[in-house]
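>>> here's my sequence, what's the structure:
(2 chains)
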Amino acid sequence: MQDTLFTEAMENAYQVQIEQFEGPLDLLLHLIKKNEVDIYNIPIAAITRQYLEYMELLKELNLDIAGEFLVMAATLLQIKSRMLLPVERDDEEAEVEDPRAELVRRLLEYQRYREAGSDLVARDLLGRDVFARKFASSELAEMAPEEEPADVELFELIEAFRKVLSRVSVDSFHNVGADGISIADRISEVLSLLHEKRTLRFDDLFHDGMNRDLLVVTFLSMLELCKLKLIRIVQVESLGAIWLTATSEEGAVPENADIESDFEGEASVGG
Amino acid sequence: MAGKSLKAIVESLLFVHEQPLSLDRLALILEEFERADIRQALEELVADYEGSERGIVLVQVAGGYQLRTRPEQADYLRRLNKTKGVKFSQSALETLAIIAYRQPVTRAEIEYLRGVDSGGVLKNLLEKKLLKILGKKDVPGKPLIYGTSKEFLELFDLKDLSSLPTLKEIQELAPPDPFADQPALPLAAEET
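Predicted coordinates for the structure are as follows:
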C-alpha cells in the first residue's frame, strides 16, 4: 500500500468514536488520582498541562473530541490565569474565593454520584442476585451495554500509549520509510502474535525503533480489535501493567479479507 | 394474633401475584378482614420465611411485599434462567444515581453534574422504564423533569426512595488549609 493512501486513510477514513468517555470530569479525576494530589489543593498548572496533552493526543489519534472537553480546557486555562493574578484585598470582609473552588465542588459532587452508582449496582439486583416469580420487566433483561466495556480504563490505555510515544523522538515522524503498514495488516500481525502466545503485554507490541506512524497504527489496531471483540484488554491491578488476551475460540479469527472490506465499507468505524 | 387462615390467604396471594403487593391493595382484596390483621399476617410471614431455611424470603420492595429468592441461590437461578441479569454502563449508573438522589431533576441539571451530554443515556433509561417523566418545570423553556420509577425500586431491591443509602458527605471546602499559602511541591510526575 502506498504511503499516500495510508495517510489518507489515517486522516479521513479512520475515525474512532469511543463510548467509554465519561467526559472531562472523569478525565480530571483520573489525572488527580494518577498524580496522587490533594483534590482540595489541585496543582492547576500541572493538571492543565496534562489535560491539554491528552487532548492533543486524542486529536492526533483522530478521536472525536466532544465539545465538553474543549469547554473544560477553557475553564482550566481561565482558572490558571486567575491564579496568577494578584489578589485584590480592597475591603476586609469580602473573602476572595479560591478560583479552583467551583471546579473542586463539581469534581467532588461528580465523584459522589459515581460512587453512589457503584453502591446501587452492588445491591441485590432483581434478575441478577434475587429472583421473583416473574421478572419485573422484560425490557430490563435485554439491557446490556451496547459494547462490552474494556476492562482497562480508556484513559489508562491512552496514558500507556502516551508513554510509548514519548520514547520516540519527534524527528522520526518525518522519516516515513518503506515500512508503511495499513491498520488491517497490523491487525493481522497482532492477531497472529496473539495466536502464538495467547497473552501479550501492551509494551511488547511497541518496539524501540518503530516510527511514530507505526506506533499509531498499532494502537489503532488494538482499539479496533477490542471493538471487534477479538481481544480483551485487561489489567491485573489498578495502574498496573496492561495485557492483551485473545477472546476468540479456535477458528473464530476472521479472514484477513473480511477485515479489509470492513475498512473500505465504512467511513467511520465506531460506536 | 392473625388467624392461621388469613396468613395462608395472604401467602397465596403473594405467591400468585407477579409484582409487589401493597398493604393497601391487600386490604382492598381482603375486605372481610381488618387491615391491622393483614399487616400482622404480613409481618409474621416475613419473620417465618426469614427464620426458615427455605430458598424464598418475603421482602418489602417498591412499596409492597414480594416473595423473592435469597441472594445465596443466585448462581443456580442464573443457570435456570440462562441470564446474567442487568448490566449497566458507567454513564447509565452515574445518571441513575444522580436522578435517584436529586429528583425531581432536569436534563440540564444532570448534564451540569456529569459534565457531558446525557440525552442518549436518558432516553435509554426511559425506554427501560427505570425513569419516568414527572412533568415540566415552570421555568423558561419548560424542561421535562425526571424521577425514578417503581421498576427502579424493584430492580434495586429498595423499599422506597427514603431507603436509598445515604450519600457520602462531601468534606467541607471551608476549613482553610494552614499551608495554603505555600506553593505546591513540584510533583514527581511532572518530570516525565
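
>>> next, count neighbours for A:A122.
11 (other CB atoms under 10 Å in any protein chain shown). C-beta here means a position set from N, CA and C on the backbone, and glycine is covered the same way.

>>> B:T166 now?
B:T166 has 7 nearby residues by other CB under 10 Å.

>>> assumed it was part of a strand.
No: read with DSSP: H, G, I helix; E, B strand; the rest coil, B:T166 is coil and lies in no strand.

>>> closest approach to chain A from chain B, which residue is it?
B:G85 (2.5 Å; CB to the nearest CB).

>>> secondary structure class for that residue?
Per three-state DSSP, B:G85 ends up coil.

>>> give the contact list for the closest residue to it other than its chain neighbours.
Spatial nearest neighbour of B:G85, chain neighbours left out: A:R128 (2.5 Å); criterion: CB to CB, 6 or more residues apart in numbering or on different chains. Counting by CB atoms under 8 Å, 6 or more residues apart in numbering or on different chains, A:R128 makes contact with B:74, B:78, B:83-86.

>>> in terms of pLDDT, where does A:R128 sit?
For A:R128, the model assigns a pLDDT of 88.

>>> using the three-state scheme, assign it.
Quick answer, by three-state DSSP: A:R128 is coil.

>>> okay, now the domains of chain A?
Using automatic domain parsing, the domains assigned to chain A come out as A:1-13+A:146-271, A:20-86+A:98-144.

>>> ok, now how distant is the residue nearest to B:P20 when sequence neighbours are not counted from B:F152?
In space, and not counting its chain neighbours, B:P20 is closest to B:G64: 3.1 Å by CB to CB, 6+ apart. Distance, B:G64 to B:F152, by CB to CB, to the nearest Å: 14 Å.

>>> B:R54: neighbour count?
With other CB under 10 Å as criterion, B:R54 counts 11.

>>> so A:T245 belongs to a strand, correct?
Yes: checked against three-state DSSP, A:T245 lies within a strand.

>>> returning to that earlier point: now restrict the contacts of A:R128 to buried residues only.
B:74, B:78, B:85-86 (16 or more other CB atoms under 10 Å in any protein chain shown).

>>> give me the neighbour count for A:K59.
A:K59: 11 neighbours (other CB under 10 Å).

>>> surely it and A:L70 touch.
No: with contact defined as CB atoms under 8 Å, A:K59 does not count as touching A:L70 (10.8 Å).

>>> the residue of chain B closest to chain A touches B:L77, doesn't it?
No: look at B:G85 against B:L77 with CB under 8 Å: they stay out of range, at 9.7 Å.

>>> which stretches of chain A form helices?
Here chain A has its helices, by DSSP state H, at A:3-8, A:24-35, A:44-60, A:67-84, A:101-121, A:138-141, A:154-166, A:183-197, A:212-227, A:256-265.

>>> quick one: which of those is nearest B:L161?
helix A:101-121 (12.4 Å; CB to CB).

>>> any residue of that closest one up close to chain B?
Yes: Helix A:101-121 reaches chain B (CB under 8 Å from any CB of the partner chain) through A:101, A:104-106, A:108-110, A:112-121.

>>> do the same with stretch A:69-86
Yes: against chain B, stretch A:69-86 shows contacts by CB under 8 Å from any CB at A:M72.

>>> may I see the buried residues of that stretch?
Here stretch A:69-86 shows A:69, A:72-73, A:76, A:79-80 as buried, counting by 16+ other CB under 10 Å.

>>> nearest to chain B, of the residues you listed?
Nearest member of those to chain B, counting by CB to the nearest CB, is A:M72, at 7.0 Å.

>>> hang on, the closest one packs against A:T48?
No: judged on CB under 8 Å, A:M72 makes no contact with A:T48 at a distance of 9.9 Å.

>>> so how far is the host helix or strand of B:A41 from its chain's centroid?
Element membership for B:A41 (DSSP states H and E) is helix B:35-51. Chain-centre distance of helix B:35-51: 23 Å, with CA atoms, centre = their mean, to the nearest Å.

>>> what about A:Y51, how many neighbours?
So A:Y51, with other CB under 10 Å, has 21 neighbours.

>>> my guess is it contacts A:L76. True?
Yes: here A:Y51 lies in contact with A:L76, judged by CB under 8 Å, at a distance of 5.9 Å.

>>> comparing the domains of chain A, which gets the lowest mean pLDDT score?
domain A:1-13+A:146-271 has the lowest average pLDDT among these, namely a mean of 67.

>>> for the helices of chain A, which one sits closest to B:I110?
Of the helices of chain A, nearest to B:I110 by CB to CB is helix A:101-121, at 9.6 Å.

>>> relative orientation of the closest one and helix A:24-35 in degrees?
Between the axes of helix A:101-121 and helix A:24-35, defined by axes from the mean of the first three to the mean of the last three CA atoms, to 10 degrees, the angle is 90 degrees.

>>> which residues sit against helix A:101-121?
Applying CB under 8 Å, 6+ apart, the set of residues contacting helix A:101-121 is A:25-26, A:28-29, A:32, A:39-40, A:42, A:75-76, A:79, B:88, B:90, B:93-94, B:96-98, B:100-101, B:112-115, B:156, B:165, B:167-168, B:170-171, B:173.

>>> ok, of the residues you listed, which come out buried?
Buried, going by 16+ other CB under 10 Å: A:25-26, A:28-29, A:32, A:39, A:42, A:76, A:79, B:88, B:90, B:93-94, B:96-98, B:100-101, B:113-115, B:156, B:167, out of the contacts of helix A:101-121.

>>> would you reformat the buried ones among the contacts of A:R128 as JSON lines and include pLDDT and distance to B:L6?
Below are the buried ones among the contacts of A:R128 laid out as JSON lines (pLDDT from 0 to 100; distance: CB to CB, whole Å):
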{"residue": "B:A74", "pLDDT": "90", "distance to B:L6": "32"}
{"residue": "B:R78", "pLDDT": "87", "distance to B:L6": "35"}
{"residue": "B:G85", "pLDDT": "74", "distance to B:L6": "35"}
{"residue": "B:V86", "pLDDT": "78", "distance to B:L6": "36"}
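
>>> export the residues you listed to JSON lines and tack on distance to A:L157?
Formatted as JSON lines, the buried ones among the contacts of A:R128 follow (distance: CB to CB, whole Å):
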{"residue": "B:A74", "distance to A:L157": "32"}
{"residue": "B:R78", "distance to A:L157": "31"}
{"residue": "B:G85", "distance to A:L157": "28"}
{"residue": "B:V86", "distance to A:L157": "26"}
